[in-house]
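J.: I would like to see how this sequence folds:
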Amino acid sequence: MKELYNQLDEREKNRVRLLSLLALLSLAFMLLVSLGQRRSYFRLQNSLEAREKALAELETKRASGAAEWARWEGAFRDIEELKESYFYKEEEGINQLRLDLQKILAQSGVSAQSIRYEYANLEEGVVKKTSASFTFTGSYVVLKKFLEAVEQFPKFLMLEKIDFSKISGEGSALELRINLAGYHENF
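T.: Numbers count the residues shown, from 1 in each chain. Sure, this is the predicted structure:
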């Protein structure tokens, strides 16, 4: 390469020097500009990563919020189902409760003596309770059938209290005072 340079005259050598200097300056300028662009690239990449992380957190929060909203909607549907299926209707009065109690007593083979009904407001204008009290005389097997029938009944008819009045020696004859409660809705 030196031999080629030596073959050039002084004017050509000056031009080669000038072109080399211009190429070197252009290269230095390009390096300086590219360093700034490189820093800008890494800064933007870090910003993008931070935004993607924030987006992932927001998506997680949104998904958990949607899941919680779905649970609230499920609870609302459950409450509506309870209102429709399990509470006695206020407009039906006590008649439906009496019919259901007679059905349970007949199903379990219990003959109730003098059923007494009591009424109470649990929440003013929302839920009312009707209590039915009666005396039961029978065997343990009949009592067990009665309790199973009450437990499997689809309405809110709850066994509140059992008072044992008399129990025979072998437990074959029981005399009990039973209190049942039915709940009426007025929603």
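J.: quick check: residue 60 vs residue 66, distance?
T.: Counting by CB to CB, to the nearest Å, the separation of residue 60 from residue 66 is 11 Å. For every residue, glycine as well, the C-beta is placed using N, CA and C.
J.: my bad, should have said residue 45
T.: As judged by CB to CB, residue 45 and residue 66 stand 31 Å apart.
J.: contacts only, for residue 175.
T.: By CB atoms under 8 Å, 6 or more residues apart in numbering, the residues touching residue 175 are 135-137, 164-167.
J.: need the three-state assignment for it.
T.: strand (DSSP: H, G, I helix; E, B strand; the rest coil).
J.: please apply the same query to residue 128.
T.: Assignment for residue 128 (three-state DSSP): strand.
J.: and for the one 5 residues further on?
T.: The three-state label for residue 133, taken from three-state DSSP, comes out as strand.
J.: which residues touch it?
T.: Taking CB under 8 Å, 6+ apart, one finds 115-118, 177-180 in contact with residue 133.
J.: longest helix in this protein, please.
T.: helix 10-81 (DSSP state H).
J.: contacting residues around the most centrally placed residue in the chain?
T.: Note on the chain: the residue nearest the mean C-alpha position is residue 71, at 2.7 Å, using CA atoms, centre = their mean. With contact set as CB under 8 Å, 6+ apart, residue 71 has no partners.
J.: distance-wise, check it relative to residue 65.
T.: Distance from residue 71 to residue 65, counting by CB to CB: 11 Å.
J.: also residue 92?
T.: 40 Å.
J.: quick one on the thing from earlier: so how far is the longest helix of the chain off the chain centroid?
T.: Relative to the chain's own centre, helix 10-81 is displaced by 38 Å; criterion: CA atoms, centre = their mean, to the nearest Å.
J.: so where's the chain uncertain?
T.: Of all residues in the chain, those with pLDDT under 70 make up the ranges 1, 5, 93, 124-125, 169-171, 186-187.
J.: give me that answer again for 90
T.: Scanning the chain for pLDDT under 90 picks out the ranges 1-20, 26-44, 79-132, 134-144, 146-147, 149-160, 164-176, 180-187.
J.: tally up the residues packed near residue 173, please.
T.: When neighbours are counted by other CB atoms under 10 Å, residue 173 registers 13.
J.: my read: it touches residue 140, true?
T.: No: taking CB atoms under 8 Å as the definition, residue 173 is not a contact partner of residue 140, at 9.2 Å.
J.: export stretch 96-105 as PDB, just CAs?
T.: Below are the C-alpha coordinates for stretch 96-105, written out as PDB (Å, rounded to 0.1, in the frame of the first residue of the first chain):
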ATOM      1  CA  GLN A  96     -98.700 -22.800  52.700                       C
ATOM      2  CA  LEU A  97     -96.700 -23.400  55.900                       C
ATOM      3  CA  ARG A  98     -99.600 -25.300  57.400                       C
ATOM      4  CA  LEU A  99    -100.000 -27.400  54.300                       C
ATOM      5  CA  ASP A 100     -96.200 -28.200  54.200                       C
ATOM      6  CA  LEU A 101     -96.300 -29.100  57.900                       C
ATOM      7  CA  GLN A 102     -99.200 -31.400  57.400                       C
ATOM      8  CA  LYS A 103     -97.400 -33.000  54.400                       C
ATOM      9  CA  ILE A 104     -94.300 -33.600  56.600                       C
ATOM     10  CA  LEU A 105     -96.300 -35.000  59.500                       C
END
